[in-house]
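K.L.:
when you get a sec, could you give me coordinates for this:
(2 chains)
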Number of protein chains: 2
Amino acid sequence: MEGTRIPPERSEVGHSATGPDVSGRRGRPRSEEADRAILAAATELLAERGLGGMSMEEVAARAGVGKATVYRRWGSRGALALDAFLAEFSRQQPVPDTGTFHGDLLAALRGWIRSVTKTPAGRMLAGLVAEAQRDPALAAAWRERVFEPLRSSNTVLVQRAIERGEIPASTDADVVLDLLFGSAYHRLLQGHRPLTDQFARRVVNVIVAGVTGQGP
Amino acid sequence: MEGTRIPPERSEVGHSATGPDVSGRRGRPRSEEADRAILAAATELLAERGLGGMSMEEVAARAGVGKATVYRRWGSRGALALDAFLAEFSRQQPVPDTGTFHGDLLAALRGWIRSVTKTPAGRMLAGLVAEAQRDPALAAAWRERVFEPLRSSNTVLVQRAIERGEIPASTDADVVLDLLFGSAYHRLLQGHRPLTDQFARRVVNVIVAGVTGQGP
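P.N.:
Residues are numbered from 1 along each chain as shown, chains lettered A, B, ... in the order given. Here you go, the predicted model:
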């Protein structure tokens, strides 16, 4: 996914209406601990075996909770997988605010590349995008819960550059972000060339020169 | 895949060593007819149901040939699927030679978008990329038989622009093609925004301005 940290409430969109424990009990609420254990177990299984190999039973067993507890918070395997991915992925992403369009795009792309090449997020991401091709409900949930929130965060990078007067106000943020992350997804999913830092620098150089050099 | 017509011999890379019928019999060799019928049946099934729903038995039945005939030419379902995709996709692609870098990139991207939005190639392509995420052998065959040949054809567009002196000789053709087709794949696979002609024009405008405006 397109990287940048997203607010905690967004990482909970997959939860059922049951919110965190607000009973006023002292100490960490038990439901939060259970949630964390469930997400960690789901992340492990997703990274090891993909969505097809992640059963709710095994998530419950690894998390040390009952299956009912898992289902109470996540109605479906798909919803749990999306939240597990988001929890794993979003905490690794930088929040670029370097002061320049070039610096922000490069930091965002480097953060994304670091996650997908150095952590289980890459396999999880490729697996979820693959599953979404055959499962329209998962595809819709993916877009709504993961893609669009992260896309909104990254749109800010383009808006800030417009506000600074670095790029034309007419710049199409979606096209910029599709060029930036689309080229990186391409290397992740096709595997034809490596996701190197040279690649990141060249991609950003072309986009920044292209957007600033086009005129309004 | 990245569009442009590829030579016929390339669309046969999935065949076994058995070449076309060269027995000197009059009329169209029967094995060529069978091949065409098999590829057409595979294309239909692939578009309707994806690779998971394409069995060699059903391909044979729809093509009106024996299962042995299918296996004689294509050793595996994956190899047949790749050739069926390539046969369907490559004949729809333009061979852009418009005289300018901008014109060539735009024609290539428009051809790709037309194929994936107006023909079964889009679903086939998304399905094969998805399958490749879980099947390393298919991923390797995909890269070797489909991706790299098409990539080579498109690299010519960048080379011609370098020869015309339109863009710096140091231009990284892979980065240009990853930006061009990667952004389009992104919309195909994520489904977050439509693959419109405005999108194609904006993507090409940024890339061309970015590559020509960067200096050597």
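K.L.:
please make it C-alpha for all contacts and neighbour counts, starting now.
P.N.:
OK.
K.L.:
which parts of chain A sit against chain B?
P.N.:
A:126-127, A:129-131, A:133-134, A:139, A:143, A:147-148, A:175, A:178-187, A:189-192, A:199, A:202-203, A:205-211, A:213-214 (Cα under 8 Å from any Cα of the partner chain).
K.L.:
drop anything exposed from the residues you listed.
P.N.:
Buried members of those, counted by 16 or more other Cα atoms under 10 Å in any protein chain shown: A:126-127, A:129-131, A:133-134, A:139, A:143, A:147, A:175, A:178-187, A:189-190, A:192, A:199, A:202-203, A:205-211, A:213-214.
K.L.:
so which of these are in helices?
P.N.:
A:126-127, A:129-131, A:133-134, A:139, A:175, A:178-187, A:189-190, A:199, A:202-203, A:205-211 (DSSP state H).
K.L.:
so how far does stretch A:192-202 reach from one end to the other?
P.N.:
Start and end residues of stretch A:192-202 are separated by 17 Å (Cα to Cα, to the nearest Å).
K.L.:
what's in contact with it?
P.N.:
With Cα atoms under 8 Å, 6 or more residues apart in numbering or on different chains as the test, stretch A:192-202 has contacts from A:Leu106, A:Leu109, A:Arg110, A:Ile113, A:Thr117, A:Ala184, A:Arg187, A:Leu188, B:Arg143, B:Phe147, B:Glu148, B:Val175.
K.L.:
enumerate the positions of it that are buried.
P.N.:
Within stretch A:192-202, judged by 16+ other Cα under 10 Å, the buried ones are A:His192, A:Leu195, A:Phe199, A:Ala200, A:Arg201, A:Arg202.
K.L.:
same list, those residues, but as TSV with pLDDT please.
P.N.:
Formatted as TSV, those follow (pLDDT from 0 to 100):
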residue	pLDDT
A:His192	96
A:Leu195	98
A:Phe199	98
A:Ala200	98
A:Arg201	98
A:Arg202	98
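K.L.:
the residue in chain A positioned nearest to chain B and B:Leu157, how far apart?
P.N.:
Chain B sits closest to A:Gly210 of chain A, with a gap of 3.4 Å, by Cα to the nearest Cα. Using Cα to Cα, one gets 18 Å for the distance from A:Gly210 to B:Leu157.
K.L.:
all strands for chain A, in order.
P.N.:
When secondary structure is read from DSSP state E, chain A shows no strands.
K.L.:
quick one: low-confidence residue ranges for it.
P.N.:
Across chain A, the ranges flagged by pLDDT under 70 are A:1-29, A:214-216.
K.L.:
how near is A:Ser55 to A:Gly78?
P.N.:
Per Cα to Cα, A:Ser55 is found 10 Å from A:Gly78.
K.L.:
which one's more surrounded, these two?
P.N.:
Comparing A:Ser55 with A:Gly78 by other Cα atoms under 10 Å in any protein chain shown, the one with more neighbours is A:Gly78, at 22 against 14.
K.L.:
what residues are up against the more buried one?
P.N.:
Contacts of A:Gly78 (Cα under 8 Å, 6+ apart): A:Leu51, A:Leu138.
K.L.:
and if you look at A:Arg123?
P.N.:
A:Ala47, A:Gly50, A:Val116.
K.L.:
again, only this time at 10 Å
P.N.:
A:Leu46, A:Ala47, A:Glu48, A:Arg49, A:Gly50, A:Val116, A:Thr117, A:Val129, A:Leu188, A:Leu189, B:Gln133, B:Arg134 (Cα atoms under 10 Å, 6 or more residues apart in numbering or on different chains).
K.L.:
OK, contacts around the last one?
P.N.:
Contacts for B:Arg134 were tallied using Cα under 10 Å, 6+ apart; they are A:Arg49, A:Gly50, A:Gly52, A:Arg123, A:Ala126, A:Gly127, A:Ala130, A:Glu131.
K.L.:
do the same with the fifth one
P.N.:
For A:Gly50, the contacting residues are A:42-44, A:81, A:123-128, A:130-131, B:133-134, taking Cα under 10 Å, 6+ apart as the criterion.
K.L.:
same check, this time on the first one
P.N.:
When contacts are counted by Cα under 10 Å, 6+ apart, A:Leu46 is found next to A:40, A:52-55, A:59, A:81, A:84-85, A:120-121, A:123-125, A:127-128.
K.L.:
disregarding residues adjacent in the polypeptide, which is nearest to A:Leu106?
P.N.:
A:Val204 (6.1 Å; Cα to Cα, 6 or more residues apart in numbering or on different chains).
K.L.:
same check, this time on A:Pro96
P.N.:
The shortest distance from A:Pro96 to any non-neighbouring residue, by Cα to Cα, 6+ apart, is to A:Asp104 (5.1 Å).
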